[in-house]
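J.: Only the shape, not the letters, is given here:
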């Protein structure tokens, strides 16, 4: 988490992410709210979960497209170069989705 904090970046995670963040007032990984057994989520917590899900949806759809196209199984390159390739594929996926 320190490398994300040093660059000023934030990450969005689902409810299954368990984070040991050192600064709860300024989290690096943003997660939704879980409802405890004793009470239900408030309206604002539900809205925050919906906003988080809306922000994560394009990435989830992009990964689903990559899995369907089976591009990652055919990748025969250095893993350091794969990051740039994946970024380019996400851009193309977003352009296709916007059409």
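T.: Perfect, I can see it now. Because the structure is a prediction, the values reported are computed rather than measured. Numbering: from 1, shown residues only.
J.: drop to CA atoms for contacts and neighbour counts, all remaining ones
T.: Will do.
J.: center of the protein - which residue?
T.: The centre of the chain sits closest to residue 12, judged by C-alpha atoms, centre = their mean, with a distance of 4.4 Å.
J.: beta partners of that one?
T.: Bridge pairing for residue 12 (DSSP bridges) gives the partners residue 30.
J.: Now that it has come up, it's in contact with residue 51, right?
T.: No: under the criterion of C-alpha atoms under 8 Å, residue 12 lies out of contact with residue 51, with a separation of 10.9 Å.
J.: which sections of the chain are below the confidence cut-off?
T.: For the chain, the stretches with pLDDT under 70 are 1-4, 9, 18-22, 24, 93-94, 96-99.
J.: in the helix ranked longest in it, what counts as buried?
T.: Ranked by number of residues, the top helix in the chain under DSSP state H is helix 43-69. Going by neighbour count (16 or more other C-alpha atoms under 10 Å), the buried part of helix 43-69 is 46, 49, 52-53, 62-63, 66.
J.: Packing partners of whichever helix or strand comes after it?
T.: Using DSSP states H and E, the helix or strand that directly follows helix 43-69 along the chain is helix 79-98. Helices and strands touching helix 79-98, by 3 or more C-alpha pairs under 8 Å, 6 or more residues apart in numbering; DSSP states H and E, are helix 43-69.
J.: chain center to the helix it packs on, what's the gap?
T.: For helix 43-69, the distance from its own C-alpha centre to the chain's C-alpha centre is 7 Å (C-alpha atoms, centre = their mean, to the nearest Å).
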